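Peer 1: predicted structure and sequence below. I'll ask about it afterward.
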Amino acid sequence: MSTDAACVPKTVNAGKDSSTPNPKSSKAPPKPDKKKDEKPQSKNPEKEGKSEKKPVMCIVIGMAGSGKTTLMQRLNATIHEKNVPGYIINLDPAVVKIPYSPNIDIRETVKYKEIMKQYTLGPNGGIITALNLFSTRFGQVMGFLDKRAKDIDYCFIDTPGQIEVFTWSASGEIITNTLASSFPTVLVYVIDTPRTVNPVTFMSNMTYACSIMYKSQLPFVIVFNKTDVVSHRFAEEWMTDFDAFEKALRKDSSYMSTFTRSMSLVLEEFYKNIRTVGISAATGMGIDKFFTALDAAAQEYEKDYKPMIEERKKRIAEKKAAKEKAAIDRIKKDMHKTRGRKVALDARKDETRTEPVK
C-alpha cells in the first residue's frame, strides 16, 4: 500500500443491515395485530407523535478488559430477540475479531496496521491516527444515521479498548460532539466489578468516570459488568453510605487510602446525579434494567442537555458570524482606502504609496 492509500481514508461503507432487525417497536407506527405485552418500552411517551423521532446514540466506553465488546454482543442479541430496530458501529480499528456484525466498521475505512507501518507508530499512536482519519469522514456516518433515523431506536457505538485514546483525543471529542448535536446521546461507562472490590480501585474508576462526564457534558450511565461473578451491591452501598466506604478503607493504611477517603467526600454530589446499573454481559442478567436506565438518560438529554447544546451551537454561530463580518468590514475599509489602485505588499513601505492600475 502506498503512503497516500494509508493516510487517505476510504469512503465510509454502511455495510449490511444484519444487526438491524425488522422495525417493529413501540416507537414505530402501531399495528392492529401488535400485542400490548410485546411492545418495548417507549423512550418518551409524552413527546411520542408530537416531534420527529430520533434514535438514542449509546457510546460504550470503559477500561481495557471491562467487557465492552461482550456488552456490545449482548446488546446486539437483545435487540434481535426483542425485535427492536437498532444500529451498530465499531470504532475500534485494532480489534482482530468482534462477535457481532456492525453496520459501520472503521476497519473497512482505515487500515490500522498499514498506518503503523507508514508512519512508524506504536499501537496507541496507530489507533489515534486511525480515529483522526475516520473522523474526517464522519459526516458520511451522520448521513447514514439521518437516513435510518426514522427506522431505528438505538445506535450502539463500540470504542477502542484504551479508553484514553477515545475520551481524551480530538477525534473522540469531534465524534461525540457531532453525534450529540443531532441525536440524543448517552455515554455508558463499563466497569469491571470483580476488580473494583478494592476501595482504591473503586475510587479510581469513579474519579475517571466523573472527569469524563463533566468533560463531555452528556448524560452518563455507569454499568457494573460481570455481576455474575461478583454482585455490584457493595459499590452502590459505597456510593450512598460514606460510613460503609470508610469501614472498607480502614483495612488499608497507605497514603492512597487517605487520598481516597478525601476524594469520596468530593464525589458525593457526583454520586447523587449518576445512574448505575449492574449487568452480566455474559449471561444477560440485568439487561432490561440497562435499557430502562438508557431511556431515562435519553429523556434527561432532551430536558436538560439539549438546551445547553443548542445554546452552545448558537454562541459558536454568532462568534463565526462576527468574525465573518469583521473580515468583510476590513476588506471594505481597504477597498475604500486604495480606491482601486495597486498597493505595495511590503508592509515596511509607506501605506500611502499607491500606483494607478494599468
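Peer 2: Looks like it arrived, so ask away.
Peer 1: longest helix of this protein, counting residues only.
Peer 2: In the chain, assigned by DSSP state H, the helix with the most residues is helix 306-338.
Peer 1: got the buried residues for that helix?
Peer 2: Using 16 or more other C-beta atoms under 10 Å as the test for burial, helix 306-338 gives I309. For every residue, glycine as well, the C-beta is placed using N, CA and C.
Peer 1: now it: how far from the chain's centre is it?
Peer 2: 30 Å (C-alpha atoms, centre = their mean, to the nearest Å).
Peer 1: again with stretch 178-189
Peer 2: Chain-centre distance of stretch 178-189: 6 Å, with C-alpha atoms, centre = their mean.
Peer 1: which residues sit against stretch 136-143?
Peer 2: With C-beta atoms under 8 Å, 6 or more residues apart in numbering as the test, stretch 136-143 has contacts from 9, 11-12, 89, 104, 109, 174-175, 178-179, 182.
Peer 1: these in strands, which ones?
Peer 2: Using DSSP state E, the members of the contacts of stretch 136-143 that fall in strands are 89, 104.
Peer 1: gap between the helix or strand containing S171 and the chain center?
Peer 2: Using DSSP states H and E, S171 maps to helix 170-180. Computed by C-alpha atoms, centre = their mean, the chain-centroid distance of helix 170-180 equals 7 Å.
Peer 1: give me the angle between that helix and helix 306-338.
Peer 2: 110 degrees (axes from the mean of the first three to the mean of the last three C-alpha atoms, to 10 degrees).
Peer 1: mean confidence for helix 170-180?
Peer 2: For helix 170-180, the mean per-residue pLDDT is 93.
Peer 1: list the helices and strands that helix packs on?
Peer 2: Other elements packing on helix 170-180 under the criterion 3 or more C-beta pairs under 8 Å, 6 or more residues apart in numbering; DSSP states H and E are strand 56-62, helix 123-135, helix 138-148, strand 185-192.
Peer 1: would you reformat those as CSV and include mean pLDDT, distance to K320 and mean neighbour count?
Peer 2: Shown next, in CSV, are these (pLDDT from 0 to 100; distance: least, C-beta to C-beta, whole Å; neighbours: other C-beta atoms under 10 Å):
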stretch, mean pLDDT, distance to K320, mean neighbour count
strand 56-62, 96, 25, 24
helix 123-135, 93, 20, 21
helix 138-148, 94, 18, 16
strand 185-192, 96, 23, 25
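Peer 1: pLDDT weak spots in the stretch 251-358 of the chain?
Peer 2: 338-358 (pLDDT under 70).
Peer 1: go with 90
Peer 2: 251-274, 304-358 (pLDDT under 90).
Peer 1: distance-wise, check A130 relative to T167.
Peer 2: From A130 over to T167 the distance is 16 Å, taken as C-beta to C-beta, to the nearest Å.
Peer 1: can you check L179 too?
Peer 2: 14 Å.
Peer 1: alpha carbons of stretch 60-69, in CSV - could you do that?
Peer 2: Extracted as CSV, the C-alpha positions of stretch 60-69 are listed here (Å, rounded to 0.1, in the frame of the first residue of the first chain):
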residue,chain,number,x,y,z
VAL,A,60,-19.9,2.5,25.1
ILE,A,61,-16.6,3.3,26.9
GLY,A,62,-14.6,1.7,29.6
MET,A,63,-11.2,0.4,30.8
ALA,A,64,-9.5,-2.3,28.8
GLY,A,65,-10.9,-5.7,29.8
SER,A,66,-14.1,-4.3,31.4
GLY,A,67,-16.2,-6.2,28.9
LYS,A,68,-17.3,-3.5,26.3
THR,A,69,-17.2,-5.9,23.3
